[in-house]
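Engineer: I would like to see how this sequence folds:
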Amino acid sequence: MRLCSLILIVLTLFPPFAIAVDIEALFSRPEITSVKISPDGEHFALRIFRDGKHGLMFVERDGFKATGGGFLPGGEEVGDFFWVNNERVVINLQQFNRFEEAPRFYGELYAINLDGKKGELIFGYRAGRERVGTAVRQKKEERAWAEIIDLLPNDPRKILISYTQASYSRNNVSRVQYLDVYRGFDKDTGKSSKYPEARFYTDQQHEPRIITSVRADRTAHIEVKMEDGNWLELENGTFGDAFGPLAADPSGSSYFIFDDYETDKAGLFKLSLDGSGYEKLFVHDTVDIKRFIFNQDHSAVVGMMVYDGYPSYLMLSQEDENAKVFRRMLASFPGAVVNITSSSRDNKYWIVLVSSDVEPASYYLFDKENTKMKFLFKSYPELSTQKLTKMEAISYESFDGLEIHGYYSQAHNESGKPSPMIVLVHGGPRIRDYWGFHPQVQALTSAGYSVLQINYRGSKGYGKEFLHAGDKQWGKAIQRDIIAGTKWAIKHKNVLEEKVCIMGGSFGAYSAFQSASLEPDLYKCIVAAAGIYDLGLLYTKGDVKDFYWGDEYLEEVIGNDIEELKSISPVNYAEKIKADIFIAHGEKDSRAHYEHYKRMTEAMDEVGLEYESFVIKKSGHGFYSNENRISYMKKVIAFLEKNMSSN
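Structural biologist: Residues are numbered from 1 along each chain as shown. The predicted structure follows:
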């Protein structure tokens, strides 16, 4: 298996585009989806998207001359990738299959040199079979899953991986082993997790120091290697629900941890590795920490990013050199989201990813030695930023006085008259909407619709009390938060009261139908994609039930009372809905099984409720291909134009 030859695609990588905001521009995948610099700072690796799949291209830092790369043949494509040394990159190999359009990662690792040579499958269920009699071999002939733990910067030939025998339910334990990135030979370290869903974290010597795994009841199991070399199991109650190791102190005496131990919000803690204590360093008053900024050797946290409405940065160090550099970057891009994708090993060169609500992601090269910032690439070079819409952070009191946060984006409306509004409900429900660039929001506002996004109770990022306030509140308090937000926007924003539509995917699609059945006169139309419409089906159809912790999760968030689940399932309330309906689904959806779509449409047929549908045979949970993404959004806009006309 080799990467196909690269035929000088540098000049054609950035073709001229007409400056216009349109559906094709917004919903085509960016041609450049990731940029990382080599350890010596001499080359870039670019993950590029063309003709329906991702490839990898290597170019010199100075002059952008291509040195190699291209696309994998057949049904393979490039997933995430990592520089191992100055010439070699390891790739998470993704595969397409004939049953669905989106590729998947099956734990296989592929490696290639920057000149396009020595491309080899170094780990995976096909590695041994394809290369019998060659240098590349597996320790055992078995289906297994690899995750990279540590790139071992002091060893140019090896990386540290977790090795897990593959299973659909993810119920196997994992072990740590070394993997040669040229020969594929693996060496077991003898350390394994006690339970499945394992994560391994190393210290400054690149040895495993903390292991997290999950018991069948969804409680965390934490093992810590003490200073004396012995492993200690932390007792339940001595750490929080959000426990996530971040960085090892170079002394080996402590570890920085993301956690919510004895606090509501998740913040920064420090764990002593001699068992003597667990210190809270910083917790924000209103939101969980979103992201951390580290010092040069990743041995300390020097700053944090939070989304309290808009993104903001809290720098913990005044003296650390990396903290100073990051402050300089923030000053160069005020009000933007700034992220470091990679840096050279000497920290001279940094790849900086910058975005905002009206600026799609752009890549820059920061030269620390010369304090210069050089523009590299735009992810959406064809979009005109002058036509894009700003997001306003909002908050309101829900039906019971609980404060709810969200965002409002005003429609393009030169007349200043009230505009129709789309309530765009996020999925999950345990995720949240963030301020930033959102193609759906921009498409809708460009078409003349204001957009309201609501982080209802049960959304992530506002602390565990707010998160668990959504448990067993599907169809109840969550929907009342959304309804209260809709009424708040009608009262306080420039909205046409009689022209409000509710839209979402997955749990957002469930919310669209459920909210419209609870308040039939509030919503003029529904747009629902990949929705969950019969909650009892979650226990019998789809992949949630098959996860190692699936039943326990479902019992926590929706309960297992069949009659109660029927009472909050939209399939049982089709006769209450007055809204016009657009419903979309993929027949290969493994999360919200296609049976949900069939039952919902059958329920609407029984009561004579008319609807438009959009079904893609090979799509999973959402639409992957450019063709289907664009087609879906065009049909949504056409549906809205027909059903939300101001006339």
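Engineer: need the strands for the stretch 451-600 of the chain, in chain order.
Structural biologist: Taking DSSP state E, counting those that start in this stretch to define them, one finds strands in the stretch 451-600 of the chain at 495-505, 525-529, 580-586.
Engineer: could I get these as a markdown table with mean neighbour count?
Structural biologist: All C-beta spots, glycine's among them, are computed from the backbone N, C-alpha and C. Written out in a markdown table, the entries for the strands of the stretch 451-600 of the chain read as follows (neighbours: other C-beta atoms under 10 Å):
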| stretch | mean neighbour count |
| --- | --- |
| strand 495-505 | 22 |
| strand 525-529 | 27 |
| strand 580-586 | 24 |
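Engineer: Including mean pLDDT and distance to Gln177, could the ones you listed go into TSV?
Structural biologist: Compiled in TSV, the strands of the stretch 451-600 of the chain are given as follows (pLDDT from 0 to 100; distance: least, C-beta to C-beta, whole Å):
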stretch	mean pLDDT	distance to Gln177
strand 495-505	96	38
strand 525-529	98	41
strand 580-586	97	37
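Engineer: Ile404 contacts Ser395, doesn't it?
Structural biologist: Yes. Ile404 lies in contact with Ser395 (C-beta atoms under 8 Å); the separation is 6.6 Å.
Engineer: So for the two, which sits in the more crowded spot?
Structural biologist: The residue with more neighbours, out of Ile404 and Ser395 and counting by other C-beta atoms under 10 Å, is Ile404; that gives 22 against 12.
Engineer: Am I right that that one falls within a strand?
Structural biologist: Yes. Per DSSP: H, G, I helix; E, B strand; the rest coil, Ile404 lies within a strand segment.
Engineer: before we move on, back to that, can you say which of the strands of the stretch 451-600 of the chain is nearest to Gly79?
Structural biologist: Nearest of the strands of the stretch 451-600 of the chain to Gly79, taken as C-beta to C-beta: strand 580-586 at 20.6 Å.
Engineer: From the contact counts, what lies against that closest one?
Structural biologist: The elements that strand 580-586 packs onto, with contact taken as 3 or more C-beta pairs under 8 Å, 6 or more residues apart in numbering; DSSP states H and E, are strand 525-529, helix 594-606, strand 612-616, helix 626-643.
Engineer: low-confidence ranges in the stretch 501-647 of the chain?
Structural biologist: Scanning the stretch 501-647 of the chain with the threshold set as pLDDT under 70 gives 646-647.
Engineer: ok, now which ones touch the closest residue to Asp589 other than its chain neighbours?
Structural biologist: Here the nearest residue to Asp589 in space, its sequence neighbours aside, is His621; by C-beta to C-beta, 6 or more residues apart in numbering that works out to 4.9 Å. Contacts for His621 (C-beta atoms under 8 Å, 6 or more residues apart in numbering) come out as 506, 530, 586, 589-592.
Engineer: For the residues you listed, give me a markdown table that also has distance to Val301.
Structural biologist: Putting those into a markdown table (distance: C-beta to C-beta, whole Å) gives the following:
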| residue | distance to Val301 |
| --- | --- |
| Ser506 | 33 |
| Ala530 | 37 |
| Gly586 | 40 |
| Asp589 | 39 |
| Ser590 | 37 |
| Arg591 | 34 |
| Ala592 | 37 |
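Engineer: Neighbour count says what about these? Which are buried?
Structural biologist: For the contacts of His621, burial is judged from neighbour counts taken by 16 or more other C-beta atoms under 10 Å, and it is met by 506, 530, 586, 589-592.
Engineer: In this protein, which residue is most central in space?
Structural biologist: Here the mean C-alpha position of the chain is nearest to the C-alpha of Ile431 (C-alpha atoms, centre = their mean), at a distance of 9.6 Å.
Engineer: what does the model give the residue nearest to it when sequence neighbours are not counted for pLDDT?
Structural biologist: Taking C-beta to C-beta, 6+ apart as the measure, Ile431 lies nearest to Lys460, with 5.5 Å between them; neighbours along the chain are not counted. We have a pLDDT of 97 for Lys460.
Engineer: ok, now which ones touch the residue nearest to Gly531 when sequence neighbours are not counted?
Structural biologist: Distances taken as C-beta to C-beta, 6+ apart put Ala509 closest to Gly531, at 2.8 Å, once the chain neighbours are dropped. Shown in contact with Ala509 (C-beta under 8 Å, 6+ apart): 427, 528-533, 583, 592.
Engineer: swap the cut-off to 10 Å and go again
Structural biologist: 425, 427, 502-503, 526-533, 570, 583-585, 592, 596-597, 600 (C-beta atoms under 10 Å, 6 or more residues apart in numbering).
Engineer: what's around Gly620, how many residues?
Structural biologist: When counting by other C-beta under 10 Å, one arrives at 20 neighbours for Gly620.
Engineer: correct me, but it touches Arg104?
Structural biologist: Yes. Proximity of Gly620 to Arg104 meets the contact threshold set by C-beta atoms under 10 Å, at 9.0 Å.
Engineer: Show me which of the contacts of His621 is closest to Gly124.
Structural biologist: Taking C-beta to C-beta as the measure, Gly124 lies nearest Ser590 of the contacts of His621, at 21.3 Å.
Engineer: what about the residue nearest to Asp589, distance to Tyr407?
Structural biologist: To Tyr407, His621 is 24 Å away according to C-beta to C-beta, to the nearest Å.
Engineer: what does Val78 give?
Structural biologist: Separation of Val78 from Tyr407 (C-beta to C-beta) stands at 33 Å.
Engineer: Now do stretch 193-211: distance from first to last residue.
Structural biologist: The distance separating the two terminal residues of stretch 193-211, taken as C-alpha to C-alpha, to the nearest Å, comes to 7 Å.
Engineer: buried residues in that stretch?
Structural biologist: In terms of neighbour count (16+ other C-beta under 10 Å), stretch 193-211 has its buried residues at 193, 195-203, 206-211.
Engineer: Just the ones of those in strands?
Structural biologist: Of the positions in the buried residues of stretch 193-211, 199-202, 208-211 sit in strands, assigned by DSSP state E.
Engineer: Is it possible to get a markdown table of the residues you listed that adds distance to Leu56 and pLDDT?
Structural biologist: Rendered in a markdown table, the data for those read as follows (distance: C-beta to C-beta, whole Å; pLDDT from 0 to 100):
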| residue | distance to Leu56 | pLDDT |
| --- | --- | --- |
| Arg199 | 26 | 96 |
| Phe200 | 26 | 96 |
| Tyr201 | 28 | 96 |
| Thr202 | 26 | 94 |
| Pro208 | 29 | 94 |
| Arg209 | 32 | 94 |
| Ile210 | 32 | 96 |
| Ile211 | 32 | 96 |
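Engineer: and which of the residues you listed is nearest to Ser251?
Structural biologist: When those are compared for distance to Ser251 (C-beta to C-beta), Arg209 comes out closest, at 12.4 Å.
Engineer: Find the residue closest to that closest one in space, skipping its chain neighbours.
Structural biologist: Leaving aside its chain neighbours, Arg209 sits nearest to Asp203 (4.2 Å; criterion: C-beta to C-beta, 6+ apart).
Engineer: hang on, Leu640 packs against Pro420?
Structural biologist: Yes. Under the criterion of C-beta under 10 Å, Leu640 is in contact with Pro420, at a separation of 7.8 Å.
Engineer: Residues in contact with both of these two, list them for me.
Structural biologist: Counting by C-beta under 10 Å, 6+ apart, the common neighbours of Leu640 and Pro420 are 444, 447-449, 499, 501, 524-525.
Engineer: re earlier: can you pull the contacts of the residue nearest to Arg209?
Structural biologist: With contacts defined as C-beta under 10 Å, 6+ apart, the neighbours of Asp203 are 150, 209-210, 225, 247-252, 255, 273, 299.
Engineer: Of those, which is the most crowded?
Structural biologist: Tallying neighbours with other C-beta under 10 Å puts Ala248 at the head of the contacts of Asp203, with 25 neighbours.
Engineer: Surely it touches Tyr201?
Structural biologist: Yes. Applying C-beta under 10 Å, one finds Ala248 in contact with Tyr201, separated by 7.5 Å.
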